[in-house]
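**Student:** Turn this into a model:
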Amino acid sequence: MRALTWHGKHDVRMDTVPDPRLVNPRDAIIRITSTAICGSDLHLYDSYIPSMHRGDILGHEFMGEVVETGLKSTLQKGQRVVVPFVIACGKCFFCEKEQFSACDNSNPAEKADLSEVAYGYAMSGLFGYSHMTGGYAGGQAEYVRVPYSDVGPIVIPDGLEDEKVLFLSDILPTGWMAAENCEIEPGDTVAVWGCGPVGLFSIQSAFLMGAHRVIAIDHYPHRLELAKSMGAEIVNYHDVKVREALTEMTGGIGPDAVIDAVGMESHGFTIDNVLDAVTTTKLGTDRTHVLREVIMACRKGGRVSIPGVYGGMGDKIPIGALMQKGLQVRTGQTHVQRYLRPLLEMIGEGRIDTTFLISHRLPLEQAPEGYKMFKEQQNEVTKVVLKPEWQKDAA
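**Tutor:** This is a model prediction of the structure:
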């Protein structure tokens, strides 16, 4: 089959690789109908995430048709499914608590030590996202093996085309959980840093959860316009000092909740960010400018939600402000399986639209060009959806 593989910093290639096969009774093989490039894929593209091996198959946002099942899979051939990026067994201590991204069984023992050393405990398995998370092949390919297929994938009913549901795999539940972690109350003002895919879905979700105001912070004009079209007030951080602007916009109090939808590769020429960029090496130092800013901007007694991906260490964190202001902090990889059914229902009812995000549609064979565009043209490129060539032949 054809698949997108990682070969180093800014070097991804379409290669011919062996077809996946069933390994365990709970496995299924999915023929990909749609896959997408995620903002966190760019961390791999930029070589910020350690334990990538040359030839690793990328991609963790995908859906497709079931073509083969193990004896204990609950899926049936021919079903259309969206697959969560988190791989979860459904039976461990954490899965029983619906903390699926903390699954204790999906990261193989021979791989788990990598994340245990880095983070204290082993991470769950993730598709296409380094050997720290299990070394699983991703879905930017023609086919993919799905472990624990009786737990993860959700069957899509007829009548809902791929583009309406594809983002259930990651960014829609991630935006939803980011807003949920804000514990939004009536009358709340929520500030969101970053109007990329997760930031935009966080805005959408915050309004659905009852936020009175949402303030979106970015510097890309098109992304700010998308945020504005969703009802958000916008702040361009190139034009103002963000904390001062937020203080003024909230009558001197500050936002009730703040969302860092940027993560480890925050941009800008502030002194702290330049120092971070100079010292960043693998797990050494993430660029935590946005994290510092959200902590300082949040009102006293407020809530801090961090869906943005951080991979290593951070310094110059205003821990004093965090403690003295009595802030609550919630973060983590998304417990995707927890949210799939309610979000699918909202999509079916027309309460949630995801298609507005898609700016580019490319054949899978052009995935390397898609990565380059997404990296270099972030104002114009909001989301790239890839489709394998076999679909065109089938049509």
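**Student:** which residues in the stretch 251-395 of the chain form strands?
**Tutor:** With DSSP state E, counting those that start in this stretch as the criterion, the stretch 251-395 of the chain has strands at 257-260, 303-306, 328-331, 360-363, 384-387.
**Student:** Those strands: which one's closest to Ala36?
**Tutor:** Smallest distance to Ala36 across the strands of the stretch 251-395 of the chain (CB to CB): 5.1 Å, for strand 384-387. Where C-beta positions appear, they are placed from N, C-alpha and C, glycine not excepted.
**Student:** Buried ones in the closest one, by neighbour count?
**Tutor:** Using 16 or more other CB atoms under 10 Å as the burial criterion, the residues of strand 384-387 that qualify are 384-387.
**Student:** Name the spans of the stretch 1-150 of the chain whose pLDDT lies under the cut-off.
**Tutor:** Applying pLDDT under 70 to the stretch 1-150 of the chain flags no residue at all.
**Student:** can you pull out the strands in it?
**Tutor:** Applying DSSP E, counting those that start in this stretch to the stretch 1-150 of the chain gives strands spanning 2-6, 12-16, 28-37, 56-57, 61-69, 80-83, 86-87, 125-126, 143-146.
**Student:** hey, which of those is tucked in deepest?
**Tutor:** Per-stretch averages of neighbours, counted by mean count of other CB atoms under 10 Å, single out strand 86-87 among the strands of the stretch 1-150 of the chain, with a mean of 27.
**Student:** That one pairs with which strands, parallel or anti?
**Tutor:** Using DSSP bridges, the strands paired with strand 86-87 are strand 125-126 (antiparallel).
**Student:** if we can go back for a sec, so which of the strands of the stretch 1-150 of the chain comes closest to Gly254?
**Tutor:** strand 86-87 (32.7 Å).
**Student:** what comes into contact with that closest one?
**Tutor:** Counting by CB atoms under 8 Å, 6 or more residues apart in numbering, strand 86-87 makes contact with 100-101, 103, 106, 124-127, 134, 136, 147-148, 152, 333-337, all of which sit outside it.
**Student:** switch to 7 Å and redo it
**Tutor:** Around strand 86-87, the neighbours that count as contacts under CB atoms under 7 Å, 6 or more residues apart in numbering are 100-101, 103, 106, 124-127, 134, 136, 147-148, 152, 333-334, 336-337.
**Student:** Check stretch 49-61 too.
**Tutor:** Where contact means CB under 7 Å, 6+ apart, the residues beyond stretch 49-61 that reach it are 3-8, 12, 17, 35-36, 38, 41, 43-44, 85, 114, 126-132, 137-141, 166-167, 169-170, 282-283, 311.
**Student:** Kindly recompute the last result at 8 Å.
**Tutor:** For stretch 49-61, contacts defined as CB under 8 Å, 6+ apart pick out 3-8, 12, 15, 17, 35-38, 40-41, 43-44, 85, 114, 126-132, 135, 137-141, 166-167, 169-171, 282-283, 311.
**Student:** And for stretch 358-377?
**Tutor:** Outside stretch 358-377, the residues that touch it by CB under 8 Å, 6+ apart are 2, 4, 10, 12-14, 32, 35, 37, 39, 41-42, 45-46, 140-142, 163, 380-389, 392.
**Student:** could you pull out the helices for the stretch 101-250 of the chain?
**Tutor:** In the stretch 101-250 of the chain, the helices defined using DSSP state H, counting those that start in this stretch lie at 109-119, 162-165, 171-180, 197-208, 221-229, 242-249.
**Student:** Break this protein down into its structural domains.
**Tutor:** According to automatic domain parsing, the chain is divided into the following domains: 2-170+334-394, 172-331.
**Student:** low-scoring pLDDT stretches of the stretch 251-395 of the chain, where are they?
**Tutor:** Residue ranges of the stretch 251-395 of the chain with pLDDT under 70: 265-285, 390-395.
**Student:** quick one: contacts for the closest residue to Arg292 other than its chain neighbours?
**Tutor:** Closest residue to Arg292 apart from its sequence neighbours, by CB to CB, 6 or more residues apart in numbering: Pro318 at 5.8 Å. Taking CB under 8 Å, 6+ apart as the criterion, Pro318 is in contact with 292, 295-296.
**Student:** Report how many residues lie close to the nearest residue to Pro255 once chain neighbours are set aside.
**Tutor:** With sequence-adjacent residues excluded and distances taken as CB to CB, 6+ apart, Pro255 is closest to Ala191, at 4.0 Å. The burial metric for Ala191, expressed as a neighbour count using other CB atoms under 10 Å, is 32.
**Student:** I'd say Ala191 and Asp218 touch.
**Tutor:** No - using CB atoms under 8 Å as the test, Ala191 is too far from Asp218 to be in contact (11.6 Å).
**Student:** picking up where we left off before, with respect to burial, which of the strands of the stretch 251-395 of the chain scores highest?
**Tutor:** Most buried of the strands of the stretch 251-395 of the chain, by mean neighbour count (mean count of other CB under 10 Å): strand 257-260, with a mean of 30.
**Student:** ok, residues contacting that one?
**Tutor:** With CB under 8 Å, 6+ apart as the contact definition, strand 257-260 has outside contacts at 178-179, 182-184, 188-194, 199, 202, 206, 290-291, 294, 297-298, 302-308.
**Student:** Please, a PyMOL command that selects the buried ones among those residues?
**Tutor:** Applying 16+ other CB under 10 Å to the contacts of strand 257-260 leaves a buried subset, and the PyMOL line that selects it is:
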select buried, resi 178+179+182+184+188+189+190+191+192+193+194+199+202+206+290+291+294+297+298+302+303+304+305+306+307+308
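**Student:** Of all the strands of the stretch 1-150 of the chain, which one comes closest to Met346?
**Tutor:** Nearest to Met346 among these is strand 80-83; the distance by CB to CB comes to 14.1 Å.
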